[in-house]
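> with the input below, show me the fold.
(one chain, ligands or ions: 1)
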Amino acid sequence: MLLRRVYKQHRWLASHVKFLSTQKSSIDIKVDNDGIAILNLQRPPVNSFSMDFLKELSKSLDFVENNKITAMILTSAFPRVFSAGLDINEVYKPDAVRFKEFWTTLQEVWMKLFGARFITAAAINGQSPAGGCLMAMSCEYRVMIKGTFTIGMNETSLGLIAPTWFMELVKNTINVRDAEYAFTTSRMFTPEEALKVRLIDEIAADKDDAIAKCKRFIKKFDEITPSARINTKMKLRGPAIKKLQNTRQEDTEEIYQLVIHPDTQKVAIFQLYSSPVSANPAIITGYDPMEVCIENCAQCKKMLGAWFEGQLCAESCIKYRGKMIPDCENYASISPFLNKL
Ligand SMILES: CCCCCCCC/C=C\CC(=O)SCCNC(=O)CCNC(=O)[C@H](O)C(C)(C)COP(=O)(O)OP(=O)(O)OC[C@H]1O[C@@H](n2cnc3c(N)ncnc32)[C@H](O)[C@@H]1OP(=O)(O)O
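From the prediction side, this is the model:
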């Protein structure tokens, strides 16, 4: 009787979700007959967290919670990237009010995901740097597919410091020494290395296998009293959530100050310039030699691909304050950044 009711509810959810997913959403939700919601993140090109995407993620988590779904698996609709973390557009030259709203939304989503009463798992089917790693780490179980993908905390390479609550989470998941080394050196782990330090729990052959392995983990809870599971999870995770709740404003202010620091902005502009130049009118107005220098590095990187050391070029712009601007068609000016492959 109970089982029939649960099955009927999930069939209703499945049709309801199909309706939701026709609304051109960045997250596709499907609930299977076992009552497991699969959230396929599909914000092109790399599932980076913009304010809108975070708000949608927040609504999706509410949907799972409010419909008494027992478990959720987070994965990506893209074949090579799970999530690229924060959307660099939210970080580059941020408006103070918007950035603070953005960060507050991010804190909220994290608390919802980390403190979810339903079971959470991540099927990591591609690259997972920084915020992508944090999203996976906030779940209870992580399966990553094998391949040339990496996962890790690369914030320092961007001139950023990961939020304290992210550091605590990693420190509580892998050992303190590995966490310190990984955070300070921006180390990115292959699936095998990540498994060795327990950053992930299993390696899968492909996305279907990763989802199947997540489901196998979720199935373990058929043998466990739901209230015992939930209360235990809350006892373990509650203190970290409370800590952030009590320090939200300081956390936001600290990150904002960090983000607007000139060094961080220089890295952000370089990251942005992997995208078409015309997409960033703020940069092409006004003449700042350092920005033009980095802009040209990005342009050369686009033209010359793997032959060109874009990061090295950007570092040189910063070091010489834009005094030597590379010209992609002038061999002499770009030769220091060409490699022999
Ligand atoms: C519950 C959620 C909680 C989240 C909490 C977050 C807490 C804060 C923690 C961390 C801070 C951060 O996340 S900082 C952001 C760090 N991210 C990165 O450094 C990733 C940078 N990107 C890459 O390394 C690569 O793009 C990739 C490995 C993700 C994919 O490589 P690939 O070669 O497949 O693709 P491209 O590099 O060519 O990129 C394709 C396309 O995507 C654009 N892109 C990439 N990353 C971002 C980004 N972070 N924001 C916006 N846009 C991004 C890139 O510019 C390309 O665009 P175009 O095709 O238009 O050129």
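> now for Ile161, how many residues are close by?
Using other CB atoms under 10 Å, the number of residues around Ile161 comes to 15. (Glycine included, C-beta is placed from N, CA and C.)
> need the contact list for it.
155, 258 (CB atoms under 8 Å, 6 or more residues apart in numbering).
> likewise the one 3 residues further on?
Shown in contact with Thr164 (CB under 8 Å, 6+ apart): 247, 251.
> where in the stretch 1-150 of the chain is pLDDT low?
For the stretch 1-150 of the chain, the stretches with pLDDT under 70 are 1-23.
> ok, which residues in it are in contact with the ligand?
45-46, 48-49, 80-81, 84-89, 106, 109-110, 113, 127, 129-131, 134-135, 138 (CB under 6 Å from any ligand atom).
> buried subset of those?
46, 48-49, 81, 84-89, 106, 109-110, 113, 127, 129-131, 134-135, 138 (16 or more other CB atoms under 10 Å).
> just the ones of the residues you listed in strands?
Pro129 (DSSP state E).
> stretch 217-230: end-to-end distance?
Distance between the two ends of stretch 217-230: 15 Å, counting by CA to CA, to the nearest Å.
> quick one: buried residues of that stretch?
Quick answer for stretch 217-230 (16+ other CB under 10 Å): 217-218.
> could you list the residues in contact with stretch 186-197?
Taking contacts as CB under 8 Å, 6+ apart, the residues outside stretch 186-197 that touch it are 129, 144-157, 174-175, 178, 181-182, 199-203.
> rerun at 7 Å
With CB atoms under 7 Å, 6 or more residues apart in numbering as the test, stretch 186-197 has contacts from 129, 144, 146, 149-157, 174, 178, 181, 199-200, 203.
> of these, which belong to helices?
Among the contacts of stretch 186-197, DSSP state H puts 178, 181 in helices.
> mark which of the contacts of stretch 186-197 are buried, thanks.
Buried among the contacts of stretch 186-197 (16+ other CB under 10 Å): 129, 144, 149-155, 174, 178, 199-200, 203.
> what ranges does the stretch 51-200 of the chain have for its helices?
Counting by DSSP state H, counting those that start in this stretch, the stretch 51-200 of the chain has helices at residues 51-66, 88-91, 96-114, 131-137, 164-171, 176-185, 191-196.
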